[in-house]
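Asker: Sequence and computational prediction follow.
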Amino acid sequence: MKDQRIARSLVIMVFGTFFGLLCSTLMNTGLPQLMRVFSVSEGTVQWIINAYMLTNAMMIPLSAYLIRRWSFRTLFIIATVVFLVGTVGGAVAPTFWTVVIARVVQAAGAGIMMPLVNVLAIRYAEPKKKGTIMGIIGLAFNFSPIIGPTVSGLILDDLSWRWLFLVIVPFSVLTLVAAVIQLPRIPHNENPHFDTRGMAIISIGLWALLMGLSNVSTSPFWTWQVLGLLVVGAVALVIFYFSQRGVKAPLINFSVMAYDQFVVATLINMLIVATMFGNTILLPLLVQNVQQKSALVSGLVILPGALVTGFLSRLSGRLYDRLSVRRLVLFGLVVDGAGTLFQATIGAASGPVVLA
């Protein structure tokens, strides 16, 4: 970064986003404990995760409007305050569903932070350094969600689930103070139109899809609770796509889909992220509920993969500035595919080392 103010701002925003993304999986290891404390089923307790992910997904298209409407400073401070309110609310929540509501508030703040970091980096980074900078950002985007179950495993071995919220509070306060003091006041003159209809349609579509997928474990596939909601979600997203094409100020600019490389990269990223988040939910449930081992063991099972991801995020950013993207992606997919095939062999009797 040529401008040191922007460089310092990026450090603060990456720091805050790290903990926002950490919370996306921090509760995963705590799901068995929450099931016992609130006497809820596996299908119900997953709303602790699902609500966070759904709100994140809804905030990302909304953030496209917010970034054009507000300055980086104002928007990041608002997002940090919202995230902090949700974190404190989760720590004192008296019932299961108030925990879910607190998670929704948390996710609303985190969902604004993530696009802000990307936009700031892409807009102000020197062309030859973009790969390196995105590699550093990858530490927050890739490492923190994977390390979440390990951190929560260490906490839950001695403390209650409330500490999964309490431990984040001081870091959120530190982020807020640093943002107020350090983030520059860059003038912002845009006043874009907000596509209310588009936001309503995509919200319905994402909610229906997530509900349908969540119900797979509790209802037959051919029922309204699964297939019906999946169809509603798919139809709503198709309607959203065509509605955006006729809007002067669309919520999401689908013209980028005309570039084949962008489409392929997006699909690959979807599959990899789905695999990553799926592992952080399923493995803790397998280790604690099926194998009857401690939260610490389930966290340690996730740890090696998290450490490798953190190391490679920085390395891959540097390699991006030197090697072809095609070679990097193909090599990464081969390794990922081999690991996924290996995972297909694990079962209830698999030891922690094999799972790791």
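Answerer: Nice, I can see it. Residues are numbered from 1 along each chain as shown.

Asker: For residue 267, pull up the helix or strand it's in.
Answerer: Assessed by DSSP states H and E, residue 267 sits inside helix 260-285.

Asker: moving C-terminal of that helix, what's the next helix or strand?
Answerer: Following helix 260-285 in sequence order, the next helix or strand is helix 295-320 (DSSP H and E).

Asker: Give the next helix or strand downstream of that following helix.
Answerer: That would be, after helix 295-320 and using DSSP H and E, helix 325-343.

Asker: follow-up on the earlier one: show the secondary-structure elements that the helix holding residue 267 is packed against.
Answerer: Here helix 260-285 touches helix 4-26, helix 31-38, helix 144-156, helix 295-320, helix 325-343, going by 3 or more Cβ pairs under 8 Å, 6 or more residues apart in numbering; DSSP states H and E. For glycine as for every other residue, the C-beta is placed from the backbone atoms N, C-alpha and C.

Asker: Report the buried residues of it.
Answerer: Buried residues in helix 260-285, defined by neighbour count with 16 or more other Cβ atoms under 10 Å: 276-277, 279-281, 283-285.

Asker: same question, stretch 347-356
Answerer: residue 355.

Asker: now swap in stretch 290-309 and tell me
Answerer: 291, 293, 295-303, 305-306, 309.

Asker: still on that earlier bit, for the helices and strands packed on helix 260-285, could you give me TSV that also reports mean pLDDT?
Answerer: Below are those laid out as TSV (pLDDT from 0 to 100):
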stretch	mean pLDDT
helix 4-26	83
helix 31-38	87
helix 144-156	80
helix 295-320	79
helix 325-343	87
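
Asker: Could you single out the most deeply buried of these?
Answerer: The highest average neighbour count among the helices and strands packed on helix 260-285, using mean count of other Cβ atoms under 10 Å, belongs to helix 144-156 at a mean of 24.

Asker: Now render the buried residues of stretch 290-309 as CSV, adding distance to residue 348.
Answerer: Formatted as CSV, the buried residues of stretch 290-309 follow (distance: Cβ to Cβ, whole Å):
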residue, distance to residue 348
291, 7
293, 12
295, 18
296, 19
297, 14
298, 14
299, 19
300, 18
301, 14
302, 18
303, 21
305, 20
306, 23
309, 26
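
Asker: Farthest pair within those residues?
Answerer: 291 and 309 (23.9 Å; Cβ to Cβ).

Asker: if I look at residue 17, how far off is residue 268?
Answerer: For residue 17, the distance to residue 268 equals 22 Å [Cβ to Cβ, to the nearest Å].

Asker: hmm, I was thinking of residue 253
Answerer: Applying Cβ to Cβ to residue 253 and residue 268 gives a distance of 21 Å.

Asker: again, but for residue 45
Answerer: Taken as Cβ to Cβ, the span from residue 45 to residue 268 is 30 Å.

Asker: cool, and residue 172?
Answerer: Taking Cβ to Cβ, one finds residue 172 at 32 Å from residue 268.

Asker: same check, this time on residue 99
Answerer: Residue 99 is 34 Å from residue 268, by Cβ to Cβ.

Asker: Residue 236 too?
Answerer: Separation of residue 236 from residue 268 (Cβ to Cβ): 25 Å.

Asker: try residue 323
Answerer: Counting by Cβ to Cβ - residue 323 and residue 268 are separated by 17 Å.

Asker: and the angle for the host helix or strand of residue 181 with helix 4-26?
Answerer: In this structure, residue 181 sits in helix 169-182 according to DSSP H and E. Relative orientation of helix 169-182 and helix 4-26, computed by axes from the mean of the first three to the mean of the last three Cα atoms, to 10 degrees: 160 degrees.
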